[in-house]
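Novice: Sharing a model that was predicted from the sequence below.
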Amino acid sequence: MTVAPVGNPSTVHRRIEDYALIGDEQTAALVGRDGSVDWLCLPRFDSAACFAALLGDEDNGHWRIAPEGADACTRRAYRPDTLVLDTEWDTAEGSVRVTDLMPQREHAPDVVRIIEGLSGKVLMRSLLRLRFDYGSVVPWMRRSDGHRVAVAGPDSVWLRSDPPVHTWGKDFRTHSEFTVAAGEKVAFVLTWHPSHRPRPPLCDPFEALETSVQDWRAWAARCRYKGPHRDAVVRSLITLKALTYAPTGGIVAAPTTSLPEELGGVRNWDYRYCWLRDSTLTLGALLAAGYHEEAEAWRDWLLRAVAGDPADLQIMYGLSGERRLSEYEIPWLSGYAGSTPVRVGNSAVEQLQLDVYGEVIDSLSLARRSGLPSRPHIWRVQCAMMEFLRVAWRHPDEGIWEVRGPRRHFVYSKVMAWVAADRAVRTLEDDPTLDGDLEGWRAMREDVHREVLERGFDTARNTFTQSYGSPELDASLLLIPRVGFLPPDDPRVVGTIDAVRAELAPDGFLVRRYSAAATGVDGLPGGEGTFIVCSFWLADALHLTGRTREARELFERLVGLTNDLGLLSEEYDPVAGRQLGNFPQAFSHIGLVVSALSLFGVEKAGEAEGVTPPG
């Protein structure tokens, strides 16, 4: 499939999967196969980008280091079990390697780029265009202490380099040409700090490289999973770690905004926030893989974020639990492959999505069963949510997929209300000393179960449906056996899995969330790709219903969708054969880890994933 050129042609040909991720657990950058950093927000994941070529062109900010005249690299790879990227070019004059990393910060965020001659003598070129505020602000460049410093408003960026650099033109491009011979190494370091503060201490690039490699490998070695595709599982866990905002423990859905779910379409959302919906699966994956510290940090972020009136519970929060995530558009960016609008913020934060109550209570129940240190207010939080949900579960909502159409009685939302009641009841049964309305919550659990079976199940087709009275299906129905609403061998579960596979995954492989064109449920024009995590859900559902061979075959194919570095975006276009949506996507990588643990993994993986036998 050919994408119509938009903006500078040097950026539009790059597929989403052409990018690599580097980060410091507070923000992240995307690096293309051609050695160009096309996306970077400083100092946090949700800050304004200073490199925004990903969503526009090179005039919106980028930093490329590559051999003079070269295009895509010859090869690239992460150093094993790290987030340190090596990109290599073989040229007629010799071979060269560029190593990119963002060391975990002590004082300020740094981007370290080390160039090493491998053979011969190669002419290299560095071209830096800093553009603050998502590519709209050209900073003033000056010299200071032998370095280049760019300042505009609150932002200040220092560039230190071994080769000399030059700035020219009204747009203040910073350029350097230099030669590296075999065995030679030179380095560039880009450092951000608030413009009103003194320059932070300088980072030693070579020491930072050595320390980063050691730290990442020590972290990866803690992984308990020893089964097939361990490299893919470890890469997914490293990606989740990289998407963690270390100061608070929150995990962003993705480090990007507005990468499209349909090329040229309008389904372009900001994913640089933390979704409650991911909580149970994230917690289960971290616990089962052996990362209890990270699981506890995520649980504690969750507790802080949801504190307050249960009626005000949001589906997502900022990195530190911020509630105001106002959505607006950036008109000066042309969008990835012409996909507009480019959005910052996410108005879905204002939606009512009842399933998140179930996911939060399920997460806290899982944390208790897994032995994470308790907090005195955890049970009070769950009780308050249950009292709100006792009435609210009967209301329509926007559902798991954040539709922008009218509210409906979504079946998955009701199922997760049942999960909330079920986990609360089980907690009281396990510990009768706790206060709580045991009989009232049991009655609610029975009422929800009965209503879903009566109003959410199509007896003629032997399948649950997306919402009450609708003939449409929804991939979230695949989670019914996992959460314990019905046992996996129930004919209604088997029928639902088969129906979803037939209608939403006609190839039996890649699953759509729902049929957007048929239902009009999301209130948006156009369509989208297949949703990668939903395909992992299908593999899990097949496994739970005894079709493990099919499940493993499906898992093998899904692992094959990762790019050459093991990264997954949100969606996949089976026609064009390319990734779509924000990248890399935490939910997709969580799906990969959970499926691997379920199909091949550690003992009691099911319990660690939050799978509860039906009540």
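Specialist: That came in fine, so what should we check first?
Novice: contacts and neighbour counts: CA atoms only from here.
Specialist: Will do.
Novice: counting residues per helix, which one in the chain is longest?
Specialist: Assignment by DSSP state H gives helix 411-430 as the longest helix of the chain.
Novice: and that helix, how far out from the chain's middle?
Specialist: Its chain's C-alpha centre and that of helix 411-430 lie 27 Å apart, by C-alpha atoms, centre = their mean, to the nearest Å.
Novice: could you point out which element follows that helix?
Specialist: helix 438-455 (DSSP states H and E).
Novice: Mind jotting down where the strands sit in the stretch 451-600 of the chain?
Specialist: 457-458, 463-464, 530-531, 571-573, 578-580 (DSSP state E, counting those that start in this stretch).
Novice: so which of these is the most packed in?
Specialist: Using mean count of other C-alpha atoms under 10 Å, the stretch among the strands of the stretch 451-600 of the chain with the greatest mean number of neighbours is strand 463-464 (a mean of 27).
Novice: The longest helix of the chain vs helix 438-455, what angle?
Specialist: Per axes from the mean of the first three to the mean of the last three C-alpha atoms, to 10 degrees, the angle that helix 411-430 makes with helix 438-455 is 150 degrees.
Novice: Could I get the buried residue list for helix 411-430?
Specialist: Across helix 411-430, burial judged by 16 or more other C-alpha atoms under 10 Å covers 411-425, 427.
Novice: Tell me which residues touch residue 277, please.
Specialist: 315, 355, 356, 359, 360 (C-alpha atoms under 8 Å, 6 or more residues apart in numbering).
Novice: mind redoing it with 6 Å?
Specialist: Counting by C-alpha atoms under 6 Å, 6 or more residues apart in numbering, residue 277 makes contact with residue 356.
Novice: SS state for it?
Specialist: helix (DSSP: H, G, I helix; E, B strand; the rest coil).
Novice: Quick check: pLDDT value at it.
Specialist: In this model, residue 277 is scored at 86, pLDDT.
Novice: Same question for residue 173.
Specialist: 85.
Novice: re the thing from before, from the contact counts, what lies against the longest helix of the chain?
Specialist: helix 355-369, helix 438-455 (3 or more C-alpha pairs under 6 Å, 6 or more residues apart in numbering; DSSP states H and E).
Novice: Tabulate the strands of the stretch 451-600 of the chain in a markdown table, adding columns for distance to residue 475 and mean pLDDT.
Specialist: As requested, the strands of the stretch 451-600 of the chain are arranged in a markdown table below (distance: least, C-alpha to C-alpha, whole Å; pLDDT from 0 to 100):
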| stretch | distance to residue 475 | mean pLDDT |
| --- | --- | --- |
| strand 457-458 | 15 | 98 |
| strand 463-464 | 11 | 98 |
| strand 530-531 | 9 | 96 |
| strand 571-573 | 14 | 96 |
| strand 578-580 | 18 | 97 |
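Novice: Now those strands in CSV, please, with extra columns for distance to residue 180.
Specialist: CSV is the format used below for the strands of the stretch 451-600 of the chain (distance: least, C-alpha to C-alpha, whole Å):
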stretch, distance to residue 180
strand 457-458, 67
strand 463-464, 63
strand 530-531, 44
strand 571-573, 40
strand 578-580, 35
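Novice: of these, which approaches residue 111 most closely?
Specialist: The closest of the strands of the stretch 451-600 of the chain to residue 111 is strand 578-580. By C-alpha to C-alpha, the value is 26.1 Å.
Novice: could you say what helices and strands the closest one packs with?
Specialist: On the basis of 3+ C-alpha pairs under 6 Å, 6+ apart, strand 578-580 makes packing contacts with strand 571-573.
Novice: Now do the strand it packs on: which elements does it pack against?
Specialist: strand 530-531, strand 578-580.
Novice: If we use 10 Å, what do you get?
Specialist: With contacts defined as 3 or more C-alpha pairs under 10 Å, 6 or more residues apart in numbering; DSSP states H and E, strand 571-573 has these neighbours: strand 530-531, helix 532-544, strand 578-580.
Novice: which of the ones you listed is buried the deepest?
Specialist: Between those, helix 532-544 has the highest mean count of neighbours, a mean of 26, where neighbours are mean count of other C-alpha under 10 Å.
Novice: Now do it: distance to the chain's middle.
Specialist: So, by C-alpha atoms, centre = their mean, the centroid of helix 532-544 is 18 Å from its chain's centroid.
Novice: Which stretches in the stretch 101-250 of the chain count as helices?
Specialist: Secondary structure of the stretch 101-250 of the chain by DSSP state H, counting those that start in this stretch: the helices cover 132-135, 205-220, 230-242.
Novice: helices or strands up against the longest one?
Specialist: Right, the one you point to is helix 205-220. strand 94-101, strand 110-129, strand 185-194, helix 230-242.
Novice: right, so of those, which gets closest to residue 547?
Specialist: Closest among the helices and strands packed on helix 205-220, using C-alpha to C-alpha: helix 230-242, at 22.0 Å.
Novice: buried set for that closest one?
Specialist: 230, 232, 233, 234, 235, 236, 237, 238, 239, 240, 241, 242.
Novice: State the distance from the first one to residue 434.
Specialist: I take that to be residue 230. 41 Å (C-alpha to C-alpha, to the nearest Å).
Novice: Kindly confirm my reading that residue 384 is in a helix.
Specialist: Yes - with three-state DSSP as the criterion, residue 384 is assigned to a helix.
Novice: Return the residues in contact with the closest residue to it other than its chain neighbours.
Specialist: Among residues not flanking residue 384 along the chain, residue 310 sits closest, at 6.4 Å (C-alpha to C-alpha, 6 or more residues apart in numbering). Contacts for residue 310 (C-alpha atoms under 10 Å, 6 or more residues apart in numbering) come out as 357, 381, 382, 383, 384, 385, 386, 387, 388, 389.
Novice: of all the residues you listed, which comes closest to residue 490?
Specialist: For the contacts of residue 310, the nearest to residue 490 is residue 357 (25.7 Å; C-alpha to C-alpha).
Novice: That closest one contacts residue 420, doesn't it?
Specialist: Yes - Residue 357 is within contact range of residue 420, at 6.6 Å (criterion: C-alpha atoms under 10 Å).
Novice: Overlap in contacts, the two.
Specialist: The contact lists of residue 357 and residue 420 share 363, 382, 385, 386, 389, where a contact means C-alpha under 10 Å, 6+ apart.
Novice: Can you select the buried ones among those for me in ChimeraX?
Specialist: The ChimeraX selection below is limited to those of the shared contacts of residue 357 and residue 420 classed as buried (16+ other C-alpha under 10 Å):
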select :363,382,385,386,389
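Novice: Redo the shared contacts of residue 357 and residue 420 as TSV? Include pLDDT and distance to residue 464.
Specialist: Output for the shared contacts of residue 357 and residue 420, formatted as TSV (pLDDT from 0 to 100; distance: C-alpha to C-alpha, whole Å):
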residue	pLDDT	distance to residue 464
363	93	25
382	94	28
385	95	26
386	96	25
389	96	22
